[in-house]
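1. Prediction below, plus the sequence it came from.
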Number of protein chains: 2
Amino acid sequence: MNTKDLAYFSDLTQTKNFSKVAQDFGVTQPTITMAIKRLEAEFQTKLVLRDRTRNDLVVTASGEQLAVHARAILAELDLTHQEITHLTQDQTVLGLPPIIENHYFPRVAAHLQAQGMLANLQTLEGGSVWLRQALRDGQADLALLGSTAPLSYKSLVAEAFDRQPFRIFVAATHPLAKRQRIYFSELKHEKFVLFNSSFVHNSAFNQFTRRNHFRPEVVFRANDTHVIMNLVAQNVGVTFLTAIGAQHRDDVVQLELLDDAQPEFIASIVYRDSHVLTPAQQQVLAVLRTTLGE
Amino acid sequence: MNTKDLAYFSDLTQTKNFSKVAQDFGVTQPTITMAIKRLEAEFQTKLVLRDRTRNDLVVTASGEQLAVHARAILAELDLTHQEITHLTQDQTVLGLPPIIENHYFPRVAAHLQAQGMLANLQTLEGGSVWLRQALRDGQADLALLGSTAPLSYKSLVAEAFDRQPFRIFVAATHPLAKRQRIYFSELKHEKFVLFNSSFVHNSAFNQFTRRNHFRPEVVFRANDTHVIMNLVAQNVGVTFLTAIGAQHRDDVVQLELLDDAQPEFIASIVYRDSHVLTPAQQQVLAVLRTTLGE
DNA sequence: GCCTATTATAAATTATTTTTATATCAACTG
DNA sequence: CAGTTGATATAAAAATAATTTATAATAGGC
C-alpha cells in the first residue's frame, strides 16, 4: 500500500472535496478518485459517501477509523525522516525553555565545549508544553523540560534532575516587599505579570489559584523573564517564578510561599522512547546526566 | 512510499539475508535489492552495510532507526485492518479474564441479550496481562481487565468499576481453617497453588511476598479457578484469590488478610484510545458501564 | 432547460516494480 | 590456484500500477 493514498485520504476527510485534495497535492482529480477506490478495495469497505443532495461528503465509521490511523502513520513517517536526517548529520537538537537555558545550560555548555561537542548541538527554544510536542514530532532529539509533576508521557522518557520551589516576586517598593514569606491567598487582590501559557509556571499557578478559590487578575503575559521582571520592578504587577528563573536585582524582592503541598518546578531530561540515539547524542545525554545529575 | 518496502526492510534487519527475505515474501531476490535502494534514496542514507568479509550484513544506525518506525507503521496498519473488519461486521470482541467472566459477565450478558446485542459479541479469554496486549494489537475491541493499581496505559483508556480485596483460601481441614483473619507473614511456610503469571493475582501476590521478605513455595500454577480450588481442597497447598474469584464450597475456607495498605483487585473497562467505536460497540460499552457501574 | 460544481469512467500515457538473465565478489575447496 | 558456492548487484524486458486526458454523469441553482 502506498502512503500517498493515506495522505490523500487524510486530506479528503478534512476538506471533504476531491478536487480540492487534488489541488493540494498538485495532481488531477481522477487521481484522488482512484486512490480512494484503492483504499476501499484494500480495506474492503466504503470510506466516504457522496451525498450529492446536500453537496456534502460523509466519512463513514470505517473512514474515520482509517483517518485516525492514517494520520498516525504519516506522523510516524515524518518523524522517521527527521530523526534520520539528524542521525546522518550527527546533529543533536536540544530543546530548552528559557529559564532552564539561563540557569542550567551554561554549566552543560562548558562541559560540552571542553569535549568539543558544542559544534554539533543546536538549541531549540520554547515553553515546556510546546517543546514536548516538538520532541514528539522530531523537531528536537533531547530536551530539558520543566514540569509540576514527575513527567511520564506517552512515547517520551523523562529523567528528573532537579526540583525548585516557586516564589513570588514583587517590586522593592511594593507593600509586601518587607515580608519574607506569605500565603498565596494574600495575593487575592494583586495584579499579575506572568509567562504565557506554554510554560509550566502556568499549570503550577493555576493549582495555587484553584486551591485558594480566586481568579487572579493577569495584566500581562510575556515570553521573557527580563520583560516580566522589568514590569514587576515598575509595579505593573507581581509575578510567580522559580528562584532560579530570576536574576538578582535590587528593585525586585523574592517572597517564599508558605502554602502546604505546593507544586514544585521539576526539571527533567526528556527524549523519545522510539529514538535510537547516535553516539554523539548519547554523549550529549551522558554530559547532561553527569552535569545536572547532582 | 510503499509499505511493502518497509515490510521487506523490517524482515531484512532480522534475517540479514536478501535472498531469505525474497523467499519469505515470495518474490525474487533483486526485488529486495531494489526495495532497499528505494528506501536508501528516500531517506538519503545507507541502511545496511554488506560485510562480505565475514559474510554478514550490518544494519546502520539510520537502519535501526528506520526499523523501529517501520515496525510501528506496519503494526498500525495491521491494527487498522483488524479494526475496520470488526467495524464492518459490527462484531465486538470483548476480552475477559476467567475470574471476571465468571463473576461480572453473567449480569452483563443478561442485559445484552435483553437488547438483542449478544449475537454480535465475541469473547476472547486470557489473563489480564495477555489481554492488554490483545487489545493493543486489535484482537479485541473492549476488555474487562483486572489490575492492582488504577490502570493507565499508553494508548489504552481504562475506567475502573470495582475493587475487591484479595483473600487466602485453605482447605477446611487445614490448621488455619479456624481462623477468620490472618497476616500474610503467617503463611511463610505454606505451600501455594496459584494462577499462572499472566494474571494480575501474581503482581499482587508478589507485593505481599516482597513486603514480608520471604519467597513462598509455589507448588503448582494453573489457569483455572476450579483446578486451583480442587487442589486447595485436597490440601496440596493454599491459594491467593479475590473473594469473587472463588465459588462457595464446603471444603475450602476463606481467610481475610489483615496487612496494612494491601493491593486490591481493581476491575476496569478498557479500550484503545485511537479506536473509533461503532454504534454497536458503544452500546456494549454503555451496557458495561450501567451494569457494572454500581 | 441550461449552467455549474462535483465526482466517475475509460483509454492512453507514464511511472514503478518485478522478473529474467547474468555479472560480480569474496570465501572456500580440493 | 582454478573451480565452486553463496550472496548481492545490475541491466533490460515484462508486468503492474498510478496518473493524466478527455469526457460522461449527476444533482442543484437560476
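-> Nice, thanks for sending it over.
2. Show me which residues of chain A sit near chain B.
-> A:1-4, A:43-45, A:61-62, A:64-66, A:68-69, A:72-73, A:76-77, A:79-81, A:83-85, A:87-88, A:154-155, A:274-276, A:278 (Cβ under 8 Å from any Cβ of the partner chain). All C-beta spots, glycine's among them, are computed from the backbone N, C-alpha and C.
3. Could I have the buried ones of those residues as ChimeraX selection syntax?
-> A single ChimeraX command is used to select the members of the residues of chain A next to chain B judged buried by 16 or more other Cβ atoms under 10 Å in any protein chain shown:
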select /A:3,43,45,61,62,65,66,68,69,72,73,76,77,79,80,83,84,87,88,274,275,276,278
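4. got a list of what the residue in the stretch 51-200 of chain A that DNA strand C sits nearest to touches?
-> Taking Cβ to the nearest atom of the strand as the measure, the point where the stretch 51-200 of chain A comes nearest DNA strand C is A:Leu57, at 5.0 Å. Applying Cβ atoms under 8 Å, 6 or more residues apart in numbering or on different chains to A:Leu57 gives the contacts A:Leu12, A:Lys16, A:Asn17, A:Phe18, A:Val48, A:Leu49, A:Arg50, A:Asp51.
5. Out of those, which is nearest to DNA strand C?
-> A:Phe18 (3.4 Å).
6. Can you give me the buried ones in stretch A:196-211?
-> Buried residues in stretch A:196-211, defined by neighbour count with 16+ other Cβ under 10 Å: A:Ser198, A:Phe199, A:Val200, A:His201, A:Asn202, A:Ser203, A:Ala204, A:Phe205, A:Gln207, A:Phe208, A:Thr209.
7. My error: substitute stretch A:36-56 in the last question.
-> Burial within stretch A:36-56, assessed by neighbour count using 16+ other Cβ under 10 Å, is assigned to A:Ile36, A:Leu39, A:Glu40, A:Glu42, A:Phe43, A:Thr45, A:Leu47, A:Val48.
8. Next, work out how far apart the residue nearest the centre of chain A and DNA strand D are.
-> Nearest to the mean C-alpha position of chain A, by Cα atoms, centre = their mean, lies A:Trp130 at 2.2 Å. Between A:Trp130 and DNA strand D the computed distance is 34 Å (Cβ to the nearest atom of the strand, to the nearest Å).
9. doesn't that residue fall inside a helix?
-> Yes. If the criterion is DSSP: H, G, I helix; E, B strand; the rest coil, then A:Trp130 is within a helix.
10. Give the other helices and strands that the helix or strand encompassing A:Val170 contacts.
-> Assigned by DSSP states H and E, A:Val170 falls within strand A:156-171. If you count contacts as 3 or more Cβ pairs under 8 Å, 6 or more residues apart in numbering or on different chains; DSSP states H and E, strand A:156-171 packs onto helix A:128-136, helix A:201-212, helix A:225-233, strand A:239-242, strand A:252-257, strand A:264-272, helix A:279-292.
11. got the buried residues for the third one?
-> I take that to be helix A:225-233. Across helix A:225-233, burial judged by 16+ other Cβ under 10 Å covers A:Thr225, A:Ile228, A:Met229, A:Asn230, A:Leu231, A:Val232, A:Ala233.
12. any idea how far the last one is from A:Glu190?
-> Going back to what we said before, that points to A:Ala233. Counting by Cβ to Cβ, to the nearest Å, the separation of A:Ala233 from A:Glu190 is 15 Å.
13. now do the fourth one
-> Per Cβ to Cβ, A:Asn230 is found 17 Å from A:Glu190.
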